[in-house]
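K.L.:
Structure, please.
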Amino acid sequence: WQLYEQQPVVSTCHLIDEGIDSGKIIEKKILNLSFESYEKFRASVYPEMAKFAVEILLKISSDKEIVNNAKRQDESEAIYRKYIGDENIEILKKKFPVITNEK
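P.N.:
Predicted coordinates for the structure are as follows:
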């Protein structure tokens, strides 16, 4: 959805609680993704998320206060989306490589 709406593609590292994506936020990061094609974009998402997870785990291992300082999410700003749909994915595929992650 971020890509479809031409917004930066952001990954959020948050603590898990009983809700859906509702735990306290440790950090957010704009991902460094490939915009050469839709397929390369999709293939670049998970390695970048994995690198981000490692960064956070290393930070936590050296400073436990990071977890204690996590910020509570403002539920009024939450956006829960359904599957974007095959039709919208086809629209995205046609727009490449024009869309970028920079705003």
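K.L.:
so where's the protein shaky on pLDDT?
P.N.:
98-103 (pLDDT under 70).
K.L.:
repeat that with 50
P.N.:
By pLDDT under 50, the low-scoring segments of the chain are 101, 103.
K.L.:
Would you map the helices across it?
P.N.:
Using DSSP state H, the helices found in the chain span residues 38-62, 65-68, 86-95.
K.L.:
quick one, the first one and helix 86-95 angle?
P.N.:
Helix 38-62 and helix 86-95 are oriented at 100 degrees to each other (axes from the mean of the first three to the mean of the last three CA atoms, to 10 degrees).
K.L.:
begin at 206 from here
P.N.:
Sure thing, new numbering starts at 206, so read that last one as helix 243-267.
K.L.:
Helix 243-267: how far from the chain's middle?
P.N.:
Relative to the chain's own centre, helix 243-267 is displaced by 9 Å; criterion: CA atoms, centre = their mean, to the nearest Å.
K.L.:
Show me what it is in contact with.
P.N.:
208, 214, 216, 218, 231-232, 234, 236-240, 271-272, 294, 297-298, 301 (CB atoms under 8 Å, 6 or more residues apart in numbering). For the C-beta atoms, the positions are set from N, CA and C on the backbone; glycine is no exception.
K.L.:
Could you check that helix and say which residues are buried?
P.N.:
Burial within helix 243-267, assessed by neighbour count using 16 or more other CB atoms under 10 Å, is assigned to 243, 246, 249, 253, 257, 261.
K.L.:
For these, work out which two are farthest apart.
P.N.:
For the buried residues of helix 243-267, the farthest-apart pair by CB to CB is 243 and 261; their separation is 27.6 Å.
K.L.:
before we move on, back to that, closest to residue 223 among the buried residues of helix 243-267?
P.N.:
Taking CB to CB as the measure, residue 261 is the one of these closest to residue 223, at 21.2 Å.
K.L.:
about what we covered before: any of the contacts of helix 243-267 buried? List them.
P.N.:
Restricting these to buried positions leaves 208, 214, 216, 218, 231, 234, 236, 238, 239, 240, 301, with burial counted as 16+ other CB under 10 Å.
K.L.:
Need the max-distance pair from those.
P.N.:
Of all pairs drawn from these, the one with the longest distance (CB to CB) is 231 and 301, at 31.5 Å.
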